[in-house]
Structures are given as C-alpha cells and as structure tokens.
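# Fold the following and give me the result.
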Amino acid sequence: KRRRQHPLFANVSLALLSEIINRRLFSNVRERKQLTYDANFSLTGFERLAGGWFLVTVTASKENAQKALEACKETLEVLRSSQKITADNLESAKRVLINRHSG
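Residues are numbered from 1 along each chain as shown. The predicted model follows:
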C-alpha cells in the first residue's frame with residue numbers, strides 16, 4: 001500500500017502498462033498477422049488533471065492499413081477482456097524499463 005503513495009507510482013505504472021501493450025501489439029499485428037512494419041502504443045497523462053490519452057501508431061502499406069487498424073483494436077479489446085496482464089508480462093516489462101533507464 002505504501003508504494004501507491006509514492007509520487008512516481010502512477011508514472012511507473014503507466015510505463016509498465018505501455019510496455020506490455022507495446023509487446024502485445026507488436027506480437028499480434030506485426031509478427032502473427034504480418035500487417036505492419038511497426039506497431040507502437042503510447043500513453044500521455046495530464047500533470048494537473050485526472051486523465052490523458054493513448055495513441056496507437058502503425059506503419060503499414062496502403063493495402064493493409066484497414067486490416068492493421070482492426071488488428072490493433074482487436075489486440076486492445078482482447079487485453080481488456082480475456083488475455084489479462086500476467087505476472088510474467090509485468091516482470092518482463094519491469095526488466096525492459098530497468099534496462100532502458102540504467103547506465
């Protein structure tokens with residue numbers, strides 16, 4: 001419970017969530033369905049207001065753009081509804097963030 005009181009708790013939580021969603025998007029839209037060259041998820045929060053927005057970007061051919069959009073929406077919906085975030089997802093995201101910010 002003390003962790004939640006830390007001033008960086010929300011920022012770190014959102015960074016972990018972003019990393020997990022990025023991996024899911026890349027895995028599904030790029031590797032499995034091969035619809036895009038790149039898929040990226042980012043979260044932006046307001047400093048003084050409760051709220052923010054997210055952005056999903058893909059680099060796809062004109063022919064695959066609509067399919068890539070649908071695959072992104074499907075990936076986000078599956079994450080929300082049936083394939084919840086696991087402890088392994090969280091540990092993997094932690095390692096990535098620690099490595100990104102160390103050294």
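
# Tell me who's in contact with the spatially most central residue of the chain.
Closest to where the C-alpha atoms of the chain average out (Cα atoms, centre = their mean) is I21, at 2.4 Å. By Cβ atoms under 8 Å, 6 or more residues apart in numbering, I21 lies in contact with F41, L76, L79. From N, CA and C alone the C-beta is placed, and that goes for glycine too.

# tell me which residues of stretch 17-31 are tucked away?
For stretch 17-31, the neighbour count (16 or more other Cβ atoms under 10 Å) marks 17-26, 28-30 as buried.

# Look at that stretch and report the distance between its end residues.
Stretch 17-31 has an end-to-end distance of 20 Å (criterion: Cα to Cα, to the nearest Å).

# got the residue ranges for the helices in this protein?
2-5, 9-25, 65-81, 87-101 (DSSP state H).

# between those helices, which gets nearest to G52?
helix 9-25 (8.2 Å; Cβ to Cβ).

# Helix 65-81 and the closest one, what's the angle between them?
Interaxial angle, helix 9-25 versus helix 65-81 (axes from the mean of the first three to the mean of the last three Cα atoms, to 10 degrees): 130 degrees.

# sorry, back to before: narrow the contacts of I21 to just the buried residues.
F41, L76, L79.

# Could you save those residues as CSV and add columns showing distance to A87?
Shown next, in CSV, are those (distance: Cβ to Cβ, whole Å):
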residue, distance to A87
F41, 21
L76, 21
L79, 15
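
# Going by distance to E70, which of these wins?
E70 lies nearest to L76 out of the buried ones among the contacts of I21, by Cβ to Cβ, at 11.0 Å.

# How about residues contacting the helix or strand of the chain with the lowest mean pLDDT?
Confidence across the helices and strands of the chain bottoms out at helix 2-5, with a mean of 84, counting by mean pLDDT, DSSP states H and E. Contacts with helix 2-5, where a contact means Cβ under 8 Å, 6+ apart, come from F9.
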